[in-house]
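Novice: Sharing a sequence plus its predicted fold:
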Amino acid sequence: MDKIQLIPPGGTAPITEADLHAYADQQLSTARRAEIEQFLSSRPDERRRVQDWQTQNQSLRHLLNPVLEEPLPLRLPLGPKSTAWPWRSLAAGLAIAVLSAGSAWVARGFVDDGRSARLASNAQPGAVAYQGGDLSGFALRAAVAHVVYSPDVRRPVEVDADQEQQLASWLSKRLGIEIKPPSLHAVGYELIGGRLLPGDTGPVAQFMYHDSTGQRLTLYVSREIPKAADSPETAFRFGTDGPVNVFYWVDKNLGYAISGGSHRAELTRVATEVYRQLNDS
């Protein structure tokens with residue numbers, strides 16, 4: 001099943017592949033189960049797939065339940081034999097001491113490198129470009145989410161672009177603030193769709209786009225932003241994490257991050273269009 005294009009009545013969440021698996025495994029609430037059953041009543045192909053999963057589940061239970069219910073053999077020891085080795089405590093103590101010292105030295109190097117990077121950026125007012133591994137907070141989570149989902153060929157998004165209105169309503173409801181995917185046709189990108197993701201303290205949204213060559217980029221929208229009013233995160237910033245470049249900023253209490261394999265100039269061009277649309281709306 002490549003697509004599930006259900007537009008449920010009453011503004012309920014779109015039905016995804018995960019919902020069908022949860023239905024087959026009897027992991028849904030009564031209300032959500034009723035929605036899935038209504039959906040399957042008009043999709044015989046999907047109903048057959050779900051029935052196949054249920055049949056597989058039943059076969060596995062039939063095969064494995066007798067083994068699960070077998071009594072433990074009397075000869076099976078219920079606990080490990082204890083053998084006293086006085087020298088083990090000493091060896092363990094030495095190992096912990098060596099590892100602690102080594103970890104402290106390595107950590108000191110990382111801290112020094114991070115402090116040097118911050119001092120270098122503070123010495124150049126207005127500079128927003130940083131080198132590899134400099135991301136943190138929602139920008140780092142945006143880069144990780146891009147790496148996880150953008151290579152997926154069959155299901156890169158949870159809800160497709162042909163359900164854009166339902167996608168926007170669903171994500172707005174979950175994040176508690178109105179959001180919608182910007183149109184990037186003017187800069188050569190088309191919406192693939194979007195998904196809901198877990199953030200550090202709550203849900204976040206990810207929209208995915210591609211250009212005519214198949215190059216993908218993602219727009220990550222989060223309410224998990226720095227609390228300090230004078231935080232430098234409120235300015236446009238550029239950073240990298242491995243092969244992923246990220247252009248990110250904060251606007252109207254939301255954090256935005258555009259991630260992709262494109263170079264900085266391209267991401268800046270896209271970010272400018274996104275920012276323009278956000279402030280025109």
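Specialist: Perfect, I can see it now.
Novice: for the protein, which spans come out with low pLDDT?
Specialist: Per-residue confidence for the chain (pLDDT under 70) gives these ranges: 1-12, 64, 67-133, 227-234, 281.
Novice: where do the strands sit along it?
Specialist: Taking DSSP state E to define them, one finds strands in the chain at 129-132, 159-160, 190-198, 203-210, 216-222, 237-241, 244-251, 254-260.
Novice: in the stretch 101-250 of the chain, which spans are helices?
Specialist: Using DSSP state H, counting those that start in this stretch, the helices of the stretch 101-250 of the chain run over 137-149, 164-175.
Novice: hang on, residue 211 packs against residue 189?
Specialist: Yes. A contact is recorded between residue 211 and residue 189 when judged using Cβ atoms under 8 Å, the distance being 5.3 Å. C-beta here means a position set from N, CA and C on the backbone, and glycine is covered the same way.
Novice: mind listing what the residue nearest to residue 186 when sequence neighbours are not counted touches?
Specialist: Leaving aside its chain neighbours, residue 186 sits nearest to residue 273 (6.1 Å; criterion: Cβ to Cβ, 6 or more residues apart in numbering). The contact partners of residue 273, by Cβ atoms under 8 Å, 6 or more residues apart in numbering, come to 182, 184, 186, 187.
Novice: Pull out the buried members of those.
Specialist: A residue is treated as buried here by neighbour count (16 or more other Cβ atoms under 10 Å); on that basis the buried members of the contacts of residue 273 are 182, 184, 187.
Novice: so the second one touches residue 270, yeah?
Specialist: Yes. With contacts defined as Cβ under 8 Å, residue 184 counts as touching residue 270 at a distance of 6.4 Å.
Novice: Tell me which residues are up against stretch 176-191.
Specialist: By Cβ under 8 Å, 6+ apart, the residues outside stretch 176-191 that reach it are 161, 164, 167-168, 171-172, 194, 205, 207-212, 217, 219, 221, 223, 253-254, 269-270, 273-274, 277-278.
Novice: before we move on, back to that, in JSON lines: the strands of the chain, plus distance to residue 18 and mean neighbour count.
Specialist: Formatted as JSON lines, the entries for these read as follows, by distance: least, Cβ to Cβ, whole Å; neighbours: other Cβ atoms under 10 Å:
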{"stretch": "strand 129-132", "distance to residue 18": "34", "mean neighbour count": "12"}
{"stretch": "strand 159-160", "distance to residue 18": "12", "mean neighbour count": "22"}
{"stretch": "strand 190-198", "distance to residue 18": "11", "mean neighbour count": "19"}
{"stretch": "strand 203-210", "distance to residue 18": "15", "mean neighbour count": "24"}
{"stretch": "strand 216-222", "distance to residue 18": "20", "mean neighbour count": "24"}
{"stretch": "strand 237-241", "distance to residue 18": "27", "mean neighbour count": "21"}
{"stretch": "strand 244-251", "distance to residue 18": "25", "mean neighbour count": "23"}
{"stretch": "strand 254-260", "distance to residue 18": "23", "mean neighbour count": "25"}
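Novice: Surely residue 39 and residue 16 touch.
Specialist: No. Residue 39 sits out of contact with residue 16 when judged by Cβ under 8 Å, with a separation of 10.9 Å.
Novice: neighbour count winner among residue 211 and residue 189?
Specialist: Looking at residue 211 and residue 189 with other Cβ atoms under 10 Å, you find the greater number of neighbours at residue 189, namely 22 against 17.
Novice: Next one: the more buried one from residue 18, what distance?
Specialist: According to Cβ to Cβ, to the nearest Å, residue 189 and residue 18 sit 27 Å apart.
Novice: Ok, residue 47 next?
Specialist: To residue 18, residue 47 is 17 Å away according to Cβ to Cβ.
Novice: Compare those two (neighbour count), which wins?
Specialist: residue 47 (15 against 11).
Novice: Just give the nearest non-adjacent residue to the more buried one, would you?
Specialist: Skipping the residues right next to it in sequence, residue 47 comes nearest to residue 40 by Cβ to Cβ, 6+ apart, at 4.3 Å.
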